[in-house]
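In: pasting the structure only:
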């Protein structure tokens, strides 16, 4: 193996795991222990910080240095990094410009076979219908939140209002940084409200210095994903507070694409049942009404009552519109 190829192979091995016995490196590369030592010295001259460990099982460890040295990736790693960079705008973090520059640098040195595969990946970020665009979270804010979570120190920050108004001063024990549909959230224990809170990261403006260290609490239920999903649904459990079932006079294949997290069951060729949930009975009735077909309520009684209330409201709205039309 030529010296340059051997050095690249040695560097790739050092990046793959933390500790390497010298004898194992020699065996993997098919060279002597003495040649391994010379190659390690060559890599050190190139700026790689490689520590030696002594003893019968002594070996080498690639450490972090003051500057970012060149990195080696296999084909799958290179494509994974490049695709992640291309999809960076969908993350909602303020790294778009840096990601574009990093992708351009990386694409320039990719072998033609990998560049061809990467160029086939076109990523278009599309928001959900009715969802307002979200301002990207500044990178320094994101890093500040992440470091506070890691270091278990109390955060003090100003929380910007959704519209007009003054920012609120908050003191929070940060526990988890989560992301959902391009939005970043901080899950923490609000010291002033003595409860768990979910904060939109783009509205957080951290203050310095941070507060005192804290002992981590356990998220109710022990599952962060389930707890946060439940908060999005308006409850502490990962369940909608109101659930009901109707029979829709429509075939199941027409209902399933629009059922969301509801459950569709075939009744016959032209009917199906749909069990779903919402944050209120009125909202649940309205969600069933969007299919614009005849239906019967299976249960519970609260859902039937909600349909009656909605019917009165729609009838009143229709009468008001008819009177306005006649008056004009």
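Out: Received it, and whenever you're ready, just let me know what you need. In this text, all values refer to a predicted model and were calculated from it rather than measured experimentally.

In: ok, and what's touching the helix or strand encompassing residue 277?
Out: For residue 277, the enclosing helix or strand under DSSP states H and E is strand 271-278. The contact list for strand 271-278 (Cβ atoms under 8 Å, 6 or more residues apart in numbering) reads 233, 239-252, 255, 259-267, 284, 287-288, 298. Every C-beta, even on glycine, is put in place using the N, C-alpha and C of the backbone.

In: please flag which of these sit within helices.
Out: Taking DSSP state H, the ones among the contacts of strand 271-278 that sit in helices are 252, 255, 284, 287, 288.

In: look up how far residue 282 lies from the last one.
Out: The reference is to residue 288. As judged by Cβ to Cβ, to the nearest Å, residue 288 and residue 282 stand 11 Å apart.

In: and the two? which has more neighbours close in?
Out: For residue 288 and residue 282, the more surrounded residue by other Cβ atoms under 10 Å is residue 288, and the numbers stand at 22 against 17.

In: tell me how far the closest residue to that one other than its chain neighbours lies from residue 146.
Out: Take residue 288 and drop its neighbours on the chain: the residue closest to it by Cβ to Cβ, 6 or more residues apart in numbering is residue 246, 5.1 Å away. According to Cβ to Cβ, residue 246 and residue 146 sit 44 Å apart.

In: those two: which is more packed in?
Out: residue 246 (24 against 14).

In: for that one, give me its contacts.
Out: Taking Cβ under 8 Å, 6+ apart, we find residue 246 in contact with 273, 274, 288, 295, 296, 297, 298, 303.

In: by neighbour count, which of these wins?
Out: Most surrounded of the contacts of residue 246: other Cβ under 10 Å gives residue 274, at 25 neighbours.

In: how near is that residue to residue 295?
Out: To residue 295, residue 274 is 9 Å away according to Cβ to Cβ.

In: any common contacting residues for those two?
Out: The contact sets of residue 274 and residue 295 overlap at 246, 248, 288 (Cβ under 8 Å, 6+ apart).

In: in JSON lines: those residues, plus pLDDT and distance to residue 320.
Out: Shown next, in JSON lines, are the shared contacts of residue 274 and residue 295 (pLDDT from 0 to 100; distance: Cβ to Cβ, whole Å):
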{"residue": "246", "pLDDT": "95", "distance to residue 320": "27"}
{"residue": "248", "pLDDT": "94", "distance to residue 320": "29"}
{"residue": "288", "pLDDT": "93", "distance to residue 320": "24"}
